[in-house]
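**Q** Below are the sequence and a predicted model for it; my questions follow.
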Protein chains: 2
Amino acid sequence: MPLYLRAVEDFYRREHEVVSSQDLGDWTGLTPAQVRKDFTFFGEFGKQGIGYNVKFLRQQLRQILRLTEDVHIGLVGFGNLGRALVHYHVDAHTAENPEFGAPDRLRITAAFDVDPSVVGTDFRGVHIFHVDQLSEIVHEHGIKIIIIAVPAQHAQSVADKAVAAGVKAILNFAPVTLTVPEDVKVRHTDLTLELQSLAFYTG
Amino acid sequence: MPLYLRAVEDFYRREHEVVSSQDLGDWTGLTPAQVRKDFTFFGEFGKQGIGYNVKFLRQQLRQILRLTEDVHIGLVGFGNLGRALVHYHVDAHTAENPEFGAPDRLRITAAFDVDPSVVGTDFRGVHIFHVDQLSEIVHEHGIKIIIIAVPAQHAQSVADKAVAAGVKAILNFAPVTLTVPEDVKVRHTDLTLELQSLAFYTG
DNA sequence: GATTGTGAACGGATTCACAGCA
DNA sequence: TGCTGTGAATCCGTTCACAATC
């Protein structure tokens, strides 16, 4: 769904009044049937013979994706990768930057590390706490998502702490498969795995 | 398959002689049946009643994934993200770092940007060329994969140039859906999309 | 005529279950 | 007995095709 929202935002920006599932399919690279099926899961947004009202659809998608209220995110691991992620995210979400699609309410509220030389400092408006304060800060700010950008050997224990603190979603950049309870959603991004996969196709 | 290799490397490091599809399933989070099916696509590696010989399986997987010869990678876009990627990758692949699983031959051979203040400099052993030299350098070094870490509005034109130069695989970090010929493999990593997806589950 | 929403058909991927072998 | 390799069975996501509707 986030991809559809990005598409709809683009049509919105270009002042289209309506879009068809065909239009959205072209934009996203999916089939029109796929687009319609995905939408019906959440309700009926379109008008037969006409298409989807862009303004209405945009609003519906934002609602569905909970982009209308602040979502607090914690970042664990403030090495090169963590720093780049903050940079990237802050750029994307403060600069009224339309290239990312919908402006949303995703906020990196706090960062965590163990290195005394960064703990206690601020970076791009984000304060870096010691990892021992994870649970405390998660509760204090109502953090629902954490990003794991620590070395592999610490990733699982960070995940455990976060889950214990009530975090329900994890974006994992460490090269390990995390074990978490069923009700916690994990997404995994792994540069090495991606490159190794691609290398296979270069024969 | 890269994930299996990582698992096998782990068993290898812990000096296991054999692994069962059950073991590998536990490690990766997949079912044993799945593991066996995936392997049979490439051949028969195991012994009935025993399991898979770790050393042999490791060697086979490396062969399959073409990790035995150098694969040259180009990085386009040397902003915060690009820099972090080089950092990360160089760390992962020079430090004999076992946490990433198999040592491989994936090399970021060259980087590209348009900013005169970085073009011509070196970073962590990687030289930064002007994007205009993309085609030339791709041919010169036999680059097969490029990583796109440029702003959204330039991503497609970079992809086009790379494809024209003969690149067959692209790892795209820009928040756009790239259009490429069928024989080019694209993988897309999009922080904003990942976070928006996760936000949906935090209700 | 255009386009949605949807039940039916399809197909690919996953899982089952078991024969075969160490 | 234990575990692989694999055909059969099943599941699930995608696509088709069309009735309903603007």
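**A** Ah, there it is.
**Q** can you give me the helices for chain A?
**A** Assigned by DSSP state H, chain A shows helices spanning A:2-13, A:21-28, A:32-40, A:54-64, A:80-94, A:134-141, A:152-164, A:191-200.
**Q** who wins for proximity to A:Gly74 among the ones you listed?
**A** Within those, the stretch nearest A:Gly74 is helix A:134-141; the backing value is 6.3 Å (Cβ to Cβ). Using the backbone N, CA and C atoms, a C-beta is placed for each residue, glycine as well.
**Q** buried sites along that closest one?
**A** A:Leu134, A:Ile137, A:Val138 (16 or more other Cβ atoms under 10 Å in any protein chain shown).
**Q** near chain B too, which of those?
**A** With Cβ under 8 Å from any Cβ of the partner chain as the criterion, those include none near chain B.
**Q** B:Met1: which of those residues is nearest?
**A** When these are compared against B:Met1 (criterion: Cβ to Cβ), the nearest one is A:Leu134, at 34.8 Å.
**Q** show me the contacts for the closest one.
**A** Contact partners of A:Leu134, counting by Cβ atoms under 8 Å, 6 or more residues apart in numbering or on different chains, are A:Gly74, A:Val76, A:Phe112, A:Val158, A:Lys161, A:Ala162, A:Ala165.
**Q** again with A:Lys37
**A** Here A:Lys37 is in contact with no residue (Cβ under 8 Å, 6+ apart).
**Q** do the same with A:Pro2
**A** Applying Cβ under 8 Å, 6+ apart to A:Pro2 gives the contacts A:Leu65, A:Gly101, B:Thr192, B:Leu193, B:Gln196, B:Ser197.
**Q** ok, so what distance separates the third one from B:Asp104?
**A** Counting by Cβ to Cβ, to the nearest Å, the gap from B:Thr192 to B:Asp104 is 29 Å.
**Q** Name the spans of chain A whose pLDDT lies under the cut-off.
**A** Counting by pLDDT under 70, the low-confidence segments of chain A come to A:95-102.
**Q** which one's the longest strand in it?
**A** strand A:106-113 (DSSP state E).
**Q** I would like the residues contacting that strand, please.
**A** With contacts defined as Cβ under 8 Å, 6+ apart, strand A:106-113 is touched by A:67, A:70-79, A:82, A:85-86, A:89-90, A:93, A:119, A:123, A:126-131, A:133-134, A:137, A:141, A:143, A:147, B:192, B:195-196, B:199.
**Q** Turn the contacts of A:Leu134 into TSV, columns for neighbour count and distance to DNA strand D.
**A** Listed next are the contacts of A:Leu134 as TSV, based on neighbours: other Cβ atoms under 10 Å in any protein chain shown; distance: Cβ to the nearest atom of the strand, whole Å:
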residue	neighbour count	distance to DNA strand D
A:Gly74	24	29
A:Val76	27	30
A:Phe112	28	34
A:Val158	22	29
A:Lys161	18	31
A:Ala162	25	26
A:Ala165	16	30
